[in-house]
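Here is the input, now give the coordinates:
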Amino acid sequence: IALGYFIARRTSRSVHSMTEAARRLADGQLDQRVEALASDETQELATAFNSMATALRNMINDLSEERNKLSAILDTMADGVVVIFQVFYLRHGEGRIDLMNPAAEELLGISSEEAIGGRFLETISNLELQQLVSRALESREQQYGDVEMTYPKHFLSVFATPLTGEEENGVLLTLHDLTRIRQAETTRRQFVSNVSHELRSPLASVKAMVETLESGALWERQTAADFVHRIHRDVDRMSNIVEDLLELSRLESGQVTIDMAPLNLNSLIEDVR
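Sure thing, here's the model as predicted:
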């Protein structure tokens, strides 16, 4: 009886030690290991427990490294990323914001602290974005669209990609900022319009004076001399515009180094007048 009591107590202490170690392991103490006090089945149990704890620590460390890499990529991306999951208590086509990177915060004008956990339709008040997400959730097919944000003012190229998986029912929203491209296009259109106007006016003037000379004014010495002088001035004006365009092209291509120097604005204004 005494021997049996001693063995049972020793085994019980080993099991209690492993129970405490398992509880500490569940609390996050991944370096926790146990040492069996008996040489019977508890020794095998302790060895299995220690192997499991080592494998669990390695797996969690690997997951932490992957999570840190993913976080670093998302935080440094120029494109905005928003993850939206559909949940059972929301109507079909709606979702809850689960992730938002800093670029998306800037493009959408909202902080991740305010957005994460909230309903997408209530958090992001843009009808075009809402329709893209709704169509992606319902059709389970990638949706694309150009979206104009009112505040802050942004032009976005948006891809709404359904998340694949047996238990996943969500959308990955990718936002690419087109604001600078749109601004460049607008500036180019305005520039072409202005240049066309600047060239059209002297061309029309030259054409009118040439037609006047052809109709008989060529033989009026004073009138002809005045028209020729005006034609020369308009031709010089168009030549200067063309030269400015070529100079601008060279500057944009980096072929010319800008040489900063003082300029007499009075003479420039007089030339324009």
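
From now on I want contacts and neighbour counts done on CA atoms only, so please keep to that.
Fine.

Just the mean pLDDT for stretch 160-171, thanks.
Over the span of stretch 160-171, the pLDDT mean works out to 76.

ok, now stretch 70-84?
pLDDT averaged over stretch 70-84 gives 82.

Quick one: residues in contact with it.
95-105, 107, 120, 170-177 (Cα atoms under 8 Å, 6 or more residues apart in numbering).

Any stretches of the stretch 1-150 of the chain with poor pLDDT?
Where the stretch 1-150 of the chain drops to pLDDT under 70, the residues are 1-18, 25, 28, 30, 32-42, 45, 89-93.

Go again with 80.
1-50, 52-54, 56-57, 60-76, 87-94, 150 (pLDDT under 80).

now the helices: where do they sit in it?
For the stretch 1-150 of the chain, the helices defined by DSSP state H, counting those that start in this stretch occupy 2-26, 41-76, 102-108, 112-115, 120-123, 127-139.

Among those helices, which comes closest to H232?
helix 102-108 (52.7 Å; Cα to Cα).

which secondary structure elements does that closest one contact?
helix 41-76, strand 80-85, strand 170-177 (3 or more Cα pairs under 8 Å, 6 or more residues apart in numbering; DSSP states H and E).

In a markdown table: those, plus mean neighbour count.
Output for the helices and strands packed on helix 102-108, formatted as a markdown table (neighbours: other Cα atoms under 10 Å):
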| stretch | mean neighbour count |
| --- | --- |
| helix 41-76 | 14 |
| strand 80-85 | 23 |
| strand 170-177 | 22 |
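
CSV please, covering those and showing distance to Y151.
CSV is the format used below for these (distance: least, Cα to Cα, whole Å):
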stretch, distance to Y151
helix 41-76, 22
strand 80-85, 16
strand 170-177, 14
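
Find the residue at the geometric middle of the chain.
D79 (1.7 Å; Cα atoms, centre = their mean).

Which residues are in contact with the closest residue to it other than its chain neighbours?
By the measure of Cα to Cα, 6 or more residues apart in numbering, the closest residue to D79 outside its immediate chain neighbours is H176, 5.0 Å from it. Listed by Cα under 8 Å, 6+ apart, the contact set of H176 reads 78-80, 156-158.

which one among those residues gets closest to E138?
V158 (17.2 Å).

For that closest one, what are phi and psi?
As for V158, its main-chain torsions (degrees, to the nearest 10) stand at phi -120, psi 130.

And for P152?
Per-residue torsions, P152: phi -70, psi 160 (degrees, to the nearest 10).

pLDDT score for it?
Here the pLDDT value assigned to P152 is 72.

what's the burial count for it?
12 (other Cα atoms under 10 Å).

ok, it - contacts?
Contact partners of P152, counting by Cα under 8 Å, 6+ apart, are 107-109.

ok so, going back, right, so of the helices and strands packed on helix 102-108, which gets closest to E20?
Of the helices and strands packed on helix 102-108, nearest to E20 by Cα to Cα is helix 41-76, at 11.9 Å.

and A21, how many residues sit next to it?
Neighbours of A21 (other Cα under 10 Å): 22.

mind checking how far it is from M52?
In this structure, A21 and M52 are 12 Å apart, going by Cα to Cα, to the nearest Å.

now do S239
Taking Cα to Cα, one finds S239 at 83 Å from M52.

can you check A261 too?
75 Å.

got it, and I60?
For I60 relative to M52 (Cα to Cα), the value is 12 Å.

same thing with I181?
Noted for I181: a distance of 55 Å to M52, by Cα to Cα.

Kindly report the same for Y151.
As judged by Cα to Cα, Y151 and M52 stand 53 Å apart.

repeat for R250
For R250, the distance to M52 equals 68 Å [Cα to Cα].

related to what we said a few turns ago, if the residue nearest to D79 is in a bridge, with which residues?
H176 has the following beta-bridge partners by DSSP bridges: S157.

quick one: the strands in the stretch 151-273 of the chain?
Using DSSP state E, counting those that start in this stretch, the strands of the stretch 151-273 of the chain run over 154-162, 170-177.

Out of these, which is closest to Q131?
Counting by Cα to Cα, and looking across all of those, nearest comes strand 154-162 at 10.1 Å.
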